[in-house]
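Q: Quick one: sequence and predicted model below, then my questions.
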Amino acid sequence: MKAMIIGAGMGGMSAAIALRQIGFETEVYERVTENKPVGAAISVWSNGVKCLNYLGLEAKTAAIGGIVNSMSYVDGHTGETMCRFSMQPLIDEVGQRPYPIARAELQSMLMEAYGLADINFGMKMVSVTDGAEQATATFTDGSTATADVIIGADGAASITREYILGAPVTRRYAGYVNFNGLVEVDEEIGPATEWTTYVGDGKRVSVMPVADGRFYFFFDVVEPAGAPYEKESAREVLRSHFGGWAPGVQKLIDTLDPTTTNRVEILDLDPFHTWTKGRVAVLGDAAHNTTPDIGQGGCSAMEDAIALQWAFTDHPDDVHAALAAYQGARTERAGELVLRARKRCDVTHAKDPVTTADWYQGLRSEDGSGIIRGIVGNIMGGPLTPVV
Ligand SMILES: Cc1cc2nc3c(=O)[nH]c(=O)nc-3n(C[C@H](O)[C@H](O)[C@H](O)COP(=O)(O)OP(=O)(O)OC[C@H]3O[C@@H](n4cnc5c(N)ncnc54)[C@H](O)[C@@H]3O)c2cc1C
């Protein structure tokens, strides 16, 4: 059986490794010419880490993962700690520590595990078609490639999705912009092994550790889509949004490197449940594009890869049956995570200011159990985190 994977992001690479694990011949096509991920880091929650472990990457993942021993919420204006609690109960409950990981390192780990030389870089797919015996992808240079199955892991603006659904879809602006990057760990901003989040006025500022003494940071700012932004002006823009906030936030703004700070307008997509057409299927953001508010988009892409492997293990000689099983295993779970993230997004970013004020108030009496319950609820339900 030969599978072609379009897109060498974390979803596509996980799928390629997973299918190779069960003896598939695989080909990966990626439009960019080198590994240059957009964005600084992600939190790989325990369900995602379990997928990476399953792909044989347990030690490597632990080596590039940041250690988060505790979480805290801080009043953005006063700097007063609203709540602080240990992550240990979460780790004990789900049986795996989560790891924040720099994107470039996560991406390199996956690509190297598969084999960098085996990835066809600089190959942008322009169309895909299903056929009775084979599916075919066509690339910008006019060349074509065929396989028994094509997995479109071509990201949030997927053209594979357009082919499967028969029309383009419009994504929804979630109402906020995320600035993110990496800085050296600085205890004036937050403790070295803590995920610290400053909140106020529907905005938030967060730091969490990744490997090698660095913090992954992000700022969420509520503003209309398409607001003018001059490249490398992150410091001035953030000063205007967070003037008067706590000293830790000011230190972070002073420390960050504007030339490597990313600005991302956050979009998502209503869940949809048709992920396959004949021998073609979508995976990762192509199938479920979420806001990052519960940190599950990439984890969900990794879960897709494991589910895809299991579907082909159960239906080794029948692509159509395997893809139907894959779709059946995944659309509900992935769609639920998209909707949970949307709900969390609205509370965090003050879509209804009264609800957000209540949330802030609740954080002041939080012992961690309520927040951990919510995170465990997101983690459980994937292929390697079944709800029993
Ligand atoms: C600000 C932000 C923070 C986030 N934080 C988290 C987090 O903490 N935890 C988490 O789990 N997730 C997080 N996510 C989500 C996560 O980044 C995505 O879910 C994840 O990257 C999806 O992986 P993917 O492989 O499906 O898509 P992508 O990573 O987008 O990869 C798609 C690949 O396909 C390639 N491609 C696209 N079109 C073509 C084509 N036509 N031909 C060939 N190649 C093509 C692209 O170049 C790219 O390499 C966050 C997202 C954002 C925006």
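A: Yes, it's here.

Q: Residue 18: helix or strand, and which one exactly?
A: Using DSSP states H and E, residue 18 falls within helix 10-21.

Q: Which positions within that helix qualify as buried?
A: 10-20 (16 or more other CB atoms under 10 Å). Just so you know, the C-beta spots here come from the backbone N, C-alpha and C atoms, and that holds for glycine as well.

Q: Could you report the neighbour count for whatever residue of the stretch 1-150 of the chain ends up closest to the ligand?
A: Nearest residue of the stretch 1-150 of the chain to the ligand, counting by CB to the nearest ligand atom: residue 9, 2.1 Å away. By other CB atoms under 10 Å, the residues close to residue 9 number 27.

Q: ok, it touching residue 155?
A: Yes - with contact defined as CB atoms under 8 Å, residue 9 counts as touching residue 155 (6.1 Å).

Q: now the end-to-end length of stretch 76-91.
A: 28 Å (CA to CA, to the nearest Å).

Q: Quick check: the gap between the closest residue to residue 29 other than its chain neighbours and residue 141.
A: Excluding its sequence neighbours, the residue lying closest to residue 29 (CB to CB, 6 or more residues apart in numbering) is residue 123, at 4.2 Å. Using CB to CB, to the nearest Å, residue 123 is found at 8 Å from residue 141.

Q: More neighbours: which of those two?
A: residue 123 (21 against 9).

Q: could the buried residues of helix 10-21 be laid out in CSV, adding pLDDT and distance to residue 230?
A: Conversion of those to CSV gives the following (pLDDT from 0 to 100; distance: CB to CB, whole Å):
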residue, pLDDT, distance to residue 230
10, 98, 30
11, 98, 32
12, 98, 33
13, 98, 34
14, 98, 36
15, 99, 38
16, 98, 39
17, 98, 40
18, 98, 42
19, 98, 44
20, 98, 44
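
Q: What parts of the stretch 251-388 of the chain come near the ligand?
A: 264, 284-285, 292, 295-299, 301 (CB under 6 Å from any ligand atom).

Q: Who wins on neighbours among these?
A: residue 284 (31 neighbours).

Q: Next, that one: phi, psi?
A: phi 80, psi -150 (degrees, to the nearest 10).

Q: Hmm, it is touching residue 9, no?
A: Yes - with contact defined as CB under 8 Å, residue 284 reaches residue 9; the gap is 6.4 Å.

Q: Which neighbours do these two have in common?
A: 153, 155, 301 (CB atoms under 8 Å, 6 or more residues apart in numbering).

Q: rewinding a little: which one of the buried residues of helix 10-21 sits closest to residue 317?
A: residue 19 (14.7 Å; CB to CB).

Q: residue contacts, the closest one?
A: 3, 5, 26, 308-309, 312.

Q: In PyMOL, how would I select the buried members of those residues?
A: To isolate the buried members of the contacts of residue 19 in PyMOL, using 16+ other CB under 10 Å:
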select buried, resi 3+5+26+308+309+312
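
Q: Please flag which of the contacts of residue 19 sit within helices.
A: Members of these lying in helices (criterion: DSSP state H): 308-309, 312.

Q: could those residues be laid out in CSV, adding pLDDT?
A: Shown next, in CSV, are the ones in helices among the contacts of residue 19 (pLDDT from 0 to 100):
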residue, pLDDT
308, 99
309, 98
312, 98
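
Q: Show me the helices in the stretch 101-250 of the chain, by range?
A: Chain-ordered helices for the stretch 101-250 of the chain, with DSSP state H, counting those that start in this stretch as the definition, fall at 103-114, 159-165, 234-242, 247-255.
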